[in-house]
Structure formats: C-alpha cells, structure tokens
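Enquirer: Here is the input, now give the coordinates:
(one chain, ligands or ions: 2)
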Amino acid sequence: MKKRILSGMRPTGKLHLGHLVGALDNWVSLQEEYECYFMVADWHAYMSEYENAADIREFIIDNVIDWLAAGIDPDKSTLFIQSEVPAHLDLHMIFSCITPLGLLERCPTYKKQLREVKTRDLHTYGFLGYPVLQAADILIYKAQKVPVGEDQLPHLELTREISRLFNNLYKKEVFPSPDAILTQSPRLLGLDNRKMSKSYNNTINLSDSEDVLKSKVAGMITDPQRIKLADKGHPDICNVFSYYGVFFPEMKDEVYDWCTNAKIGCTECKIRLAHGLIEKLKPFYQRRREFAHDKVKVEKILEIGREKANAFASGVLKEVRQIAHLSV
Ligand code: TRP
Ligand code: SF4
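Expert: Residues are numbered from 1 along each chain as shown. Ligands and ions are numbered 1, 2, ... in the order given. Model (predicted):
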C-alpha cells in the first residue's frame with residue numbers, strides 16, 4: 001500500500017519559477033511513490049482575499065495549468081479544488097470545537113501575518129482558524145506525508161496536535177500524525193534579490209512569454225562593483241550566478257571563470273542564462289500552451305479529481321462523525 005500525500009497551494013496569483021523549483025518539481029517526483037492529492041486551497045485564499053474574490057477564480061485554472069505543464073499527471077494523482085469537497089469544512093468545524101484558542105493565537109505564522117500584512121484586514125474569526133482548516137485538509141485524507149516549504153512547519157505541528165487531541169478525546173487512533181516532506185531545492189530569489197514574491201513584483205512567471213523572460217533576466221541585479229567589462233566580478237554575491245547554480249549546476253565552474261576573469265560581461269552572461277532557461281523550459285512551455293488552449297480538458301480533470309476526492313473524504317467523514325457521536 002502506498003502512503004498518502006496531501007498538499008495544496010493558495011490561488012492568490014500567477015505561479016512563478018520559484019513555485020516550479022520550490023514545489024512543483026518536488027510534487028512531480030513524489031507521484032510514483034505516493035498516492036497524491038494536490039489541492040487548490042481556494043478557501044485559504046478566500047480567507048485573506050475575500051475583498052477581491054473574483055481574482056481567485058481566475059487564478060485557480062491558471063495555476064492548475066501550470067501544475068499540469070510541470071508534469072503533475074492526472075492519471076497518477078488527484079487534482080481538486082478544496083471548496084468543491086465539503087467534507088473539509090465538516091472536519092474543520094469538528095476540529096474548531098476541540099482546538100484550544102491559545103494554540104491558534106500563539107501560532108507564529110498568524111502573529112507574523114497580523115503584524116506584517118497591511119493591505120488586508122486579517123482580524124477575522126476565519127483567519128484565526130487558518131491552520132485548523134489546513135489540519136482538516138490533511139487529515140480528511142489521513143495523509144501521512146505533506147510536502148511543504150519550511151514556512152508551513154508550524155501548521156504541520158498544529159495538525160499533529162489536533163490529530164492527537166481528537167484521538168485522545170475519543171480514545172481511538174483515527175488520524176495519523178503527518179510529517180512534512182521538506183523541499184530540497186534552494187530558494188530562488190526574485191529579480192531584485194529579495195524573496196521571489198508577487199507582492200514585490202520581482203517574479204518570473206511560468207506564464208510569461210519568452211520575450212518577457214528575456215527582458216526580466218536582462219533587468220536582474222548583478223555584482224554592483226562590476227561596471228566595466230574589464231572589471232572582475234564576484235559571482236558569489238550575484239543572483240544571476242545563483243540562477244546558474246539552480247538551473248545549470250554543471251555550468252557553475254565555467255560561469256565562475258567568465259565572471260572572475262572578466263571574460264564576458266554581465267549583459268552577455270544574462271543573455272546566455274535567458275537562452276538556457278528558455279531551452280530548458282521548452283517542454284514546459286509546450287505543455288502549458290496545449291492546456292491553456294484546452295480549458296475544457298483542464299476542467300474535466302478537475303471534475304474527475306473532485307469526484308475522487310469527495311469519495312475518499314466523505315468516507316473518512318462518515319467514520320469521524322460516528323466516532324464523534326454526530327448523526328450519520
Ligand atoms: N497554507 C498552505 C500555503 O500557504 C496551503 C495549504 C492549505 C496547504 N492547505 C494545505 C498545504 C494542506 C499543505 C497541506 O502554502
Ligand atoms: Fe553575475 Fe554573470 Fe555579471 Fe558575473 S558576469 S556578475 S555572474 S551577471
């Protein structure tokens with residue numbers, strides 16, 4: 001029996017290169033070994049984007065097209081939209097009743113968001129329960145593994161805590177204690193050397209055309225001390241060099257030599273990187289175009305996913321309702 005995986009992404013924007021190397025490539029490689037459920041976390045998006053909910057709908061399909069283009073295979077994995085599987089909310093309600101308030105108020109991601117996010121009002125009842133819904137997402141599939149980035153570790157900790165609380169309350173090992181599968185790949189910085197994020201407007205989107213990619217790479221910040229072609233550069237502080245490291249590790253020595261011996265200039269170095277990226281992403285772009293032109297197919301995939309997810313989740317919900325003495 002394969003172990004089960006559940007992971008999700010919030011549809012709050014277009015996906016970028018960071019999502020590809022930070023999450024999607026990892027998801028793709030997990031498909032053989034695990035039974036995978038990949039979810040569009042539209043409720044989690046709605047919790048913070050409720051004032052601009054129309055955008056969420058647009059991003060859902062766009063993100064799923066990127067998943068498929070990256071190699072998520074609907075014959076192997078179940079792709080679905082969270083809000084189309086109502087059992088998540090039933091379990092969220094049950095968990096809401098047994099989760100101590102302090103656990104949620106102390107959650108570091110919650111405190112950080114309240115402190116940092118100024119453009120949205122997150123002082124809501126729903127947002128406090130963000131990790132409770134995430135626990136329900138995972139546990140309604142009794143998933144043992146959850147591939148996520150490091151930023152999600154507090155939510156996994158809470159998931160295990162909630163699982164334990166439920167099991168202890170009803171003296172039955174209903175839910176597993178899921179572990180994270182941390183992504184191995186290094187973090188890709190944005191065009192301006194800050195974290196790649198749509199809120200900094202420094203991303204290379206997976207839906208960008210080849211020309212847009214070229215001009216974005218051309219605008220990347222390099223070694224500020226390298227002004228003239230003859231100046232020797234410092235690749236270790238250059239983000240362009242780190243991109244070579246992520247996408248073309250076999251070229252690192254060569255680029256290091258170009259740079260430190262002033263063999264080529266930064267403009268040329270970036271042109272070569274852009275060409276390399278375009279070449280490398282060719283199969284991705286090709287598949288992306290195919291799915292983008294066949295949205296009916298994408299919707300069909302999500303419909304099948306919805307049925308598979310519902311079938312599994314409603315089975316677990318039935319068991320849970322019985323154990324929790326709710327009507328069945
Ligand atoms: N909170 C996750 C994020 O922002 C998205 C998410 C929602 C998720 N439910 C999940 C991830 C369940 C893993 C498992 O990335
Ligand atoms: Fe960066 Fe390349 Fe310029 Fe060196 S030559 S500073 S690696 S862009």
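Enquirer: what residues are up against the residue in the stretch 1-150 of the chain that ligand 2 sits nearest to?
Expert: Closest approach between the stretch 1-150 of the chain and ligand 2, counting by CB to the nearest ligand atom: Leu17, at 17.0 Å. In this view, the C-beta of every residue, glycine as well, is placed from N, C-alpha and C. The contact partners of Leu17, taken as CB atoms under 8 Å, 6 or more residues apart in numbering, are 188, 196, 203-206.
Enquirer: got it, and Leu114?
Expert: With contacts defined as CB under 8 Å, 6+ apart, Leu114 is in contact with 122-123.
Enquirer: Could you verify that it is part of a strand?
Expert: No: the assignment for Leu114, made by DSSP: H, G, I helix; E, B strand; the rest coil, is helix rather than a strand.
Enquirer: Return the per-residue confidence for it.
Expert: Leu114 carries a pLDDT value of 94.
Enquirer: measure it to Gly126 for me?
Expert: 13 Å (CB to CB, to the nearest Å).
Enquirer: now do Ala45
Expert: With distances taken as CB to CB, Ala45 is found 12 Å from Gly126.
Enquirer: Look at the two and report which has more neighbours.
Expert: Under the neighbour definition other CB atoms under 10 Å, Ala45 and Gly126 were set side by side, and Ala45 has more, 24 against 15.
Enquirer: Excluding sequence neighbours, find me the nearest residue to Ala41.
Expert: In space, and not counting its chain neighbours, Ala41 is closest to Gly8: 4.0 Å by CB to CB, 6 or more residues apart in numbering.
Enquirer: Surely that neighbour touches Trp43?
Expert: No: using CB atoms under 8 Å as the test, Gly8 is too far from Trp43 to be in contact (9.7 Å).
Enquirer: Mutual contacts of those two, please.
Expert: Gln82.
Enquirer: and the residue lying farthest from the centre of the chain, which of the three is it?
Expert: Ranking residues of the chain by C-alpha distance from their mean position (CA atoms, centre = their mean) puts Ala230 at the top, at 41.6 Å. Per three-state DSSP, the secondary structure class of Ala230 is coil.
Enquirer: in what helix or strand does the residue lying closest to it once chain neighbours are set aside lie?
Expert: Leaving aside its chain neighbours, Ala230 sits nearest to Ala262 (5.4 Å; criterion: CB to CB, 6+ apart). When secondary structure is defined using DSSP states H and E, no element contains Ala262, which sits outside every helix and strand.
Enquirer: Contact partners for the residue lying closest to Thr222 once chain neighbours are set aside?
Expert: For Thr222, the nearest residue in space outside its immediate sequence neighbours is Cys266; the separation is 4.4 Å by CB to CB, 6+ apart. With CB under 8 Å, 6+ apart as the criterion, the residues that contact Cys266 are 222-223, 226, 233, 240.
Enquirer: And the pLDDT at Pro147?
Expert: Per-residue confidence for Pro147 comes out at a pLDDT of 97.
Enquirer: residues touching it, list them.
Expert: 5, 7, 23, 26-27, 30, 180-183.
Enquirer: One more pass at 10 Å, please.
Expert: Going by CB atoms under 10 Å, 6 or more residues apart in numbering, Pro147 touches 5-7, 23, 26-27, 29-30, 34, 36, 38, 180-183.
Enquirer: Find the helix or strand that the nearest residue to Gln184 once chain neighbours are set aside is a member of.
Expert: Nearest residue to Gln184, sequence neighbours excluded (CB to CB, 6+ apart): Asn26, at 7.3 Å. For Asn26, the host element (DSSP H and E) is helix 25-30.
Enquirer: other SSEs contacting the helix or strand following that helix?
Expert: Using DSSP H and E, the helix or strand that directly follows helix 25-30 along the chain is strand 35-40. With contacts defined as 3 or more CB pairs under 10 Å, 6 or more residues apart in numbering; DSSP states H and E, strand 35-40 has these neighbours: strand 4-9, helix 25-30, helix 53-70, strand 78-81, helix 130-139, strand 145-148, helix 295-323.
Enquirer: now the second one: how far from the chain's centre is it?
Expert: Offset of helix 25-30 from its chain centre (CA atoms, centre = their mean, to the nearest Å): 12 Å.
Enquirer: For it, buried residues please.
Expert: Of the residues in helix 25-30, those with enough neighbours to count as buried (16 or more other CB atoms under 10 Å) are 25-28, 30.
Enquirer: Kindly report the same for stretch 61-80.
Expert: The neighbour-count check on stretch 61-80 (16+ other CB under 10 Å) flags 61-72, 74, 77-80 as buried.
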